[in-house]
Every structure is written in C-alpha cells, then in structure tokens.
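In: Let me see the structure of the following:
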Amino acid sequence: MKIKQAEFKGAFVSVKQLSAGNLPEIAIVGRSNVGKSSLINKIANRKNLAKSSSTPGKTRTINYYLINGKFYLVDLPGYGYARAPKAERVRWGKMIEDYLRERQQLCGVIHLVDIRHVPGENDILMQTWLRHYSIPYLVVATKADKISKGARQKHIAAVMKAFNMQAGEGLICFSAHTGEGVSEVLAAIQEILSIGVPEQGLPVNHRSGDKI
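Out: Coordinates of the predicted model:
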C-alpha cells in the first residue's frame with residue numbers, strides 16, 4: 001500500500017457525533033505520548049497532518065483522517081495519563097470503550113506501545129478488550145531508534161510476554177525518526193482492510209478476530 005492522499009476530516013468528543021458512513025476504519029490506540037501522531041504523519045509522509053503535542057494527555061478527541069479516499073485512520077485519545085483529573089480519565093476511557101464496542105465500521109486496531117518500557121496495566125487492558133471483541137489488531141513498538149540494536153530483542157520479548165503473544169505473532173518495530181517499520185505498517189493496514197470487511201451484513205466487530 002502507498003498513501004497518496006491524506007486529509008484531516010474532523011475531531012469528535014463522543015461516538016454519537018460520528019458519521020454513519022460505510023468506509024472502513026482502522027483505529028490507532030496507545031498510551032499518552034506513545035507517538036500516535038508521529039506514526040500517522042510518517043506513514044502518510046506528511047509533516048503536520050496529525051498535530052503532536054509535548055503535553056501528554058492533550059488529545060481528548062476522536063480524530064479522523066481520510067486516507068486515499070477509501071478508509072479512515074482514527075486516532076483515539078491516549079490513555080494512562082495519571083496527571084489528568086480522574087473524571088477526565090474516566091471520560092476518555094468510556095469514549096475509547098464505546099468506540100471499540102459500538103463502531104460497526106471498525107476493521108482493526110493498531111496498538112502502539114513504547115518499546116523502551118514494559119506494557120502497563122492499561123496496555124494489557126486494551127489487549128484484553130481487543131481479544132474480547134475479536135477485533136483484528138497489530139502491535140507496533142514505537143521509538144525503536146531510542147534503544148540499541150543489541151538490546152532490542154530483550155525489549156521485544158518483554159512486550160510479547162506482557163501481552164501473552166506467541167512466536168510468529170505480529171509485532172513491528174517502528175521509528176518515526178528513521179522511518180523503520182513504515183512499509184511493514186502499511187502492509188499490515190492493507191491486510192487488516194482485506195480481512196475486516198463485513199460479511200453478510202454483520203458488523204465487523206462481530207467477526208472472528210485475527211492477530212496481524
């Protein structure tokens with residue numbers, strides 16, 4: 001897959017505001033400051049398509065990006081920002097949960113984790129959600145340029161152990177700085193789209209799940 005056209009289409013504060021269109025959607029989830037905006041910009045080859053912030057937890061909306069006029073990348077609010085007020089964290093959590101549970105256009109999820117750190121409680125909870133709802137997903141370990149090549153396997157193993165992933169399950173190392181992993185993420189998006197199309201009128205989140 002090659003992204004030739006990418007356009008920001010809007011920011012929404014609740015699932016009820018989302019349109020009822022039939023284009024497939026791929027959601028991007030992860031902790032605050034894990035690099036969701038940087039990944040979107042890098043794979044779209046656009047510097048400022050998604051606005052990144054130096055303040056963790058600032059993304060409080062569901063952000064839509066139309067890709068090649070054929071599908072949406074959906075940036076969900078970052079989770080796990082402890083300094084945010086509890087009421088705000090509860091609201092963000094409900095927004096994410098409602099989207100994953102209710103959005104029939106959802107084909108799959110790209111779950112970002114920081115390769116430098118062992119996945120935390122919220123990361124593991126997200127994996128549990130994806131498996132419970134049988135949503136195809138891909139794990140992407142961001143900021144791969146921040147660790148040495150020699151230490152990489154140790155960090156990958158820690159992520160896979162935390163998520164109870166088996167050898168051969170999809171995990172892509174990614175760096176927005178060097179461009180590592182861009183082609184692999186794009187190929188995985190193509191695969192998610194190919195397996196996430198609804199069958200016989202059923203919502204995509206009622207299909208049997210696959211790990212990419």
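In: and after the longest strand seen in the chain, which helix or strand comes next?
Out: In terms of residue count, the longest strand belonging to the chain (DSSP state E) is strand 106-114. Next helix or strand after strand 106-114 toward the C-terminus (DSSP states H and E): helix 121-132.
In: tell me which residues in that next one are buried?
Out: 122-123, 126-127, 129-130 (16 or more other CB atoms under 10 Å). Yep, even glycine has a C-beta here, placed from its N, CA and C like the rest.
In: And those residues, which is closest to C173?
Out: Checking those against C173 by CB to CB gives D123 as the nearest, at 16.3 Å.
In: what residues are up against that closest one?
Out: 30-31, 80, 111, 113, 162-163 (CB atoms under 8 Å, 6 or more residues apart in numbering).
In: In helices, which of these fall?
Out: Among the contacts of D123, DSSP state H puts A162 in helices.
In: Just name the closest of the contacts of D123 to C173, please.
Out: V113 (10.7 Å).
In: The closest one: how many residues sit nearby?
Out: 28 (other CB atoms under 10 Å).
In: Pretty sure it sits against K143.
Out: No. Using CB atoms under 8 Å, V113 is not in contact with K143; the gap is 9.5 Å.
In: hang on, the earlier thing: name the nearest of the contacts of D123 relative to E180.
Out: V113 (15.4 Å).
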